[in-house]
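Q: Okay, sequence plus prediction incoming.
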Amino acid sequence: MLAWAPHAPLSGGGFDMRAGSLTTSPASIEQHSRRGWLLIGAIFVVLAGVAGIWLALDRRPPEWDHANHLERVVSCADDMAHANVTAIIERSSFYPPLAVCAAGLAYSLVPSDVASAQAVILLFLGLGMASVYVLARFFTDVCGGVVAALFFGSANFVVYSSLRFQLDLPLAAMVAVALVLLLRADGFSRPGWSVVLGVVLGLGMLTKPPFAVYVLPPLLLVAAQIRAGRPLGHLALTVLIGGAVAVLWYAPRLIGIFGQIGARSFKQAAEAGHAAPWTAEGLLYYPTYFVPQFGLLAVLFVAIGFVVAARRRQWLLLTSLVVPFLVFQMIQNKNLRYTLPLLPVAAVLGGIGFAALRGSMRTIAAVAIALAAVVQVAGMAFGVPRGLTMPLLDVPLVGDNPPMRAEWPHRKILTLIARDARDAPATVSVVPNYAFFSVSNFRYYALRDGLPLRWVRAWDEEPIGIDYMIIKDGDQGPEWTAGKPRRIAERLAHDRNLARVFPVIGEFPLPDGSTATIRARRIGKGSTVSLPIFTRRLEQAIQRRLPQIAHDIDGLQIRIITSEEQARGGRVARVEVEARTATVGDFSRPRPALLRVHDLRLVVEDALVNPFSLDEDGRLDPLDAGRVRFERATILSADVTAFLRDLKGFTTASVELGRGSASFAFAQFGPDVRARVRILPGRDGPIAVTPEFVSVGGVTIPGVLVNWVVRNYDPSPVMAARAPVRLEVGQIEISPDAIRILANR
């Protein structure tokens with residue numbers, strides 16, 4: 001049992017809720033004011049109506065993660081229609097399925113991407129406002145609860161988030177629900193509420209992994225006050241239920257997800273140019289943008305409520321706000337989305353601050369809060385007013401996100417490509433990474449419309465396997481990703497032979513003032529030279545190109561098989577490359593992982609090269625291949641070890657070759673992982689990894705669960721996804737001294 005009193009610390013005893021002169025018993029907490037609920041309902045209806053008007057007017061494509069989540073909505077709707085639970089669990093490596101599949105269910109009932117997904121977001125908004133009201137009523141009166149719900153619902157960033165299908169507003173709602181149930185459980189003395197809390201904890205984790213950051217501190221604070229055995233049992237039951245709800249999704253990812261969180265929090269943030277966490281810029285980011293995120297008056301009342309709560313020693317609220325805030329302060333990747341789940345607790349503190357006022361001051365404050373809410377909602381949704389900034393900080397006081405009325409031509413572009421490809425499968429490279437014109441929104445629209453198109457980002461050195469390019473001039477997106485689009489535009493502008501095989505088939509003006517250009521691969525009749533000259537030039541071009549992928553080549557032999565008719569179109573039926581020894585790696589990158597290979601035989605079938613650059617410049621510009629097959633190779637044990645030492649993701653791994661299998665040991669933060677695996681030719685990629693034995697921290701994993709561990713280290717899915725052409729290997733033979741690839745017998 002817990003007590004929050006004005007001058008008493010959190011401790012054992014009766015659950016006596018006191019806030020200033022207000023005394024509220026558990027029985028009276030159940031008797032919420034009907035007027036308060038009517039006001040909350042009215043506020044929600046207004047906010048939902050504003051969102052509905054905005055969505056009806058807006059024509060912008062979904063940006064980046066917004067598009068990725070909507071793509072998963074469509075996929076989950078299809079998975080549910082086919083009762084494919086495995087696909088639902090395995091669909092994403094980082095984002096859980098609760099909110100996505102809730103929208104997928106709505107999409108299957110009402111097949112409108114905007115209506116179904118945003119209906120779910122608005123339901124979470126309503127759930128969040130109701131939970132904030134109930135949570136505030138544990139600490140203040142009805143008026144304070146209504147003000148808290150209004151603070152949350154009208155917060156600048158909550159309004160912004162209610163207009164997009166993202167997971168952060170659902171996460172904020174689930175955090176608020178969990179805190180309400182934590183108080184309802186009354187120090188885990190109430191078994192019924194403890195069970196419900198366990199279910200919500202599991203569902204919260206299935207909303208987004210940071211749920212734990214927000215809920216674990218208050219949960220531990222309450223758990224630390226338990227003195228009796230029965231509440232401890234209820235706590236254990238709560239944790240078990242929460243784990244049981246979340247285990248199916250998290251168990252296969254438990255080892256790898258921490259590495260993903262670390263990469264997103266620091267490595268990717270550094271690549272995107274985020275300030276280091278302990279610099280002044282990093283430390284001031286969230287404090288500077290708290291007003292634009294929450295609202296000026298809301299922040300002022302949060303400050304008052306924080307002081308009041310501290311004087312009353314209401315540590316659960318303060319812990320729920322301060323500890324997660326400090327955690328996200330220490331993370332380099334900063335975005336207002338990540339701290340949105342702090343706003344329910346901040347809103348409750350704002351309600352406490354409002355309730356501390358008396359007489360005419362309360363009336364004046366209520367009018368000011370209502371006017372501020374109107375200004376924030378109108379400013380964020382419709383840009384009226386706009387241009388208001390915070391003095392000294394030069395940050396916006398009110399958001400500005402009016403609906404975009406101009407149409408983007410995604411559907412026209414998709415129609416053009418589908419018609420040109422005659423509805424056959426094709427690979428499309430979306431070169432820019434602009435928010436409204438990126439591979440994310442094109443891939444989502446194509447999936448929604450059932451088009452058999454494969455989507456990739458901007459190509460690297462050569463457009464291998466690319467059938468169509470979508471290019472945009474002007475703004476290319478974030479600076480840290482704009483290098484490739486600019487390089488590709490430069491290449492097309494100055495390499496007339498590349499532009500010749502990718503002629504323009506359509507141009508579309510874009511609302512930002514730029515122009516989209518659609519290019520399709522067209523070879524036609526290229527080379528007019530004789531077949532011997534063509535093959536000699538191609539062999540010489542291959543030799544000049546090899547240093548990009550292989551050094552120290554000994555015994556090189558190249559054999560080219562094709563016909564004169566094929567050669568005219570740049571087609572080569574078969575290219576065979578053999579070498580006694582070679583050191584292979586991507587030498588275009590700094591410090592590549594290098595692999596020494598003996599007795600190498602590589603076969604490329606149905607290759608396509610640019611015949612114009614080969615004729616004019618003697619340069620090999622590969623465009624496509626039906627299949628690349630490693631038919632023969634020998635890799636000595638010592639060379640395997642040296643290669644893994646430099647390979648990303650395997651730097652802490654050691655390997656020991658055995659008879660028919662390889663044993664790996666991964667030293668890492670947390671329990672070490674050991675596995676013995678067989679490596680076989682793959683069906684969907686070059687190889688398939690089949691585990692025979694896996695242990696984590698010295699504990700042997702049961703056979704039915706080994707794939708949950710191995711999937712975090714298996715490189716084959718990534719190899720298959722990133723390869724621009726089909727890769728195959730021959731039979732794989734593992735012995736203590738070497739790994740050998742042998743031609744199929």
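A: Here it is on my side, so go on.
Q: Excluding chain neighbours, what is closest to residue 253?
A: Leaving aside its sequence neighbours, residue 253 sits nearest to residue 93 (C-beta to C-beta, 6 or more residues apart in numbering; 6.6 Å). Every residue, glycine included, has its C-beta placed from N, CA and C.
Q: How confident is the prediction for the one you found, by pLDDT?
A: pLDDT for residue 93: 76.
Q: can you map out the strands along the stretch 301-450 of the chain?
A: Using DSSP state E, counting those that start in this stretch, the strands of the stretch 301-450 of the chain run over 426-430.
Q: residue ranges of the helices in it, please?
A: For the stretch 301-450 of the chain, helices defined by DSSP state H, counting those that start in this stretch occupy the ranges 315-329, 343-355, 360-382, 410-420, 439-448.
Q: Export only the CA atoms of the second one, formatted as CSV.
A: Taking C-alpha atoms only, helix 343-355 is exported to CSV below (Å, rounded to 0.1, in the frame of the first residue of the first chain):
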residue,chain,number,x,y,z
LEU,A,343,3.7,14.8,-22.2
PRO,A,344,1.0,12.8,-20.4
VAL,A,345,2.8,13.2,-17.1
ALA,A,346,3.8,16.8,-17.9
ALA,A,347,0.1,17.5,-18.6
VAL,A,348,-0.8,16.1,-15.2
LEU,A,349,1.7,18.3,-13.5
GLY,A,350,0.2,21.2,-15.5
GLY,A,351,-3.2,20.3,-14.1
ILE,A,352,-1.8,20.2,-10.6
GLY,A,353,-0.3,23.7,-11.2
PHE,A,354,-3.6,25.0,-12.4
ALA,A,355,-5.5,23.5,-9.4
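Q: residue furthest from the geometric center of the protein?
A: In the chain, the residue that sits farthest from the middle, by C-alpha atoms, centre = their mean, is residue 530; the gap is 52.0 Å.
Q: so who does the closest residue to it other than its chain neighbours touch?
A: Distances taken as C-beta to C-beta, 6+ apart put residue 564 closest to residue 530, at 7.4 Å, once the chain neighbours are dropped. Contact analysis of residue 564 by C-beta atoms under 8 Å, 6 or more residues apart in numbering lists 530-531, 534.
Q: Can you list phi and psi of residue 564 for me?
A: Per-residue torsions, residue 564: phi -60, psi -40 (degrees, to the nearest 10).
Q: Looking at the contacts of residue 564, which is nearest residue 258?
A: Nearest to residue 258 out of the contacts of residue 564 is residue 534 (C-beta to C-beta; 53.6 Å).
Q: so what's that closest one up against?
A: Contacts of residue 534 by C-beta under 8 Å, 6+ apart are 527, 562, 564, 567, 614.
Q: what helix or strand does it sit in?
A: Using DSSP states H and E, residue 534 sits within helix 531-545.
Q: pLDDT at residue 340, what is it?
A: On the pLDDT scale, residue 340 gets 97.
Q: Reformat the helices of the stretch 301-450 of the chain as CSV; add mean neighbour count and distance to residue 574.
A: Output for the helices of the stretch 301-450 of the chain, formatted as CSV (neighbours: other C-beta atoms under 10 Å; distance: least, C-beta to C-beta, whole Å):
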stretch, mean neighbour count, distance to residue 574
helix 315-329, 20, 56
helix 343-355, 30, 63
helix 360-382, 17, 61
helix 410-420, 17, 29
helix 439-448, 21, 33
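Q: which sections of the stretch 501-650 of the chain are below the confidence cut-off?
A: Across the stretch 501-650 of the chain, the ranges flagged by pLDDT under 70 are 527, 649.
Q: Show the residue spans covered by the strands in it.
A: Under DSSP E, counting those that start in this stretch, the stretch 501-650 of the chain gives strands at 504-509, 515-520, 550-554, 557-561, 571-584, 595-609, 622-636.
Q: Export those strands to a markdown table and append columns for distance to residue 690 and mean neighbour count.
A: Formatted as a markdown table, the strands of the stretch 501-650 of the chain follow (distance: least, C-beta to C-beta, whole Å; neighbours: other C-beta atoms under 10 Å):
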| stretch | distance to residue 690 | mean neighbour count |
| --- | --- | --- |
| strand 504-509 | 45 | 14 |
| strand 515-520 | 41 | 20 |
| strand 550-554 | 30 | 14 |
| strand 557-561 | 34 | 14 |
| strand 571-584 | 25 | 18 |
| strand 595-609 | 22 | 20 |
| strand 622-636 | 19 | 19 |
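Q: Now distance to residue 209 too, for those strands, in JSON lines please.
A: Shown next, in JSON lines, are the strands of the stretch 501-650 of the chain (distance: least, C-beta to C-beta, whole Å):
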{"stretch": "strand 504-509", "distance to residue 209": "39"}
{"stretch": "strand 515-520", "distance to residue 209": "36"}
{"stretch": "strand 550-554", "distance to residue 209": "42"}
{"stretch": "strand 557-561", "distance to residue 209": "50"}
{"stretch": "strand 571-584", "distance to residue 209": "38"}
{"stretch": "strand 595-609", "distance to residue 209": "35"}
{"stretch": "strand 622-636", "distance to residue 209": "38"}
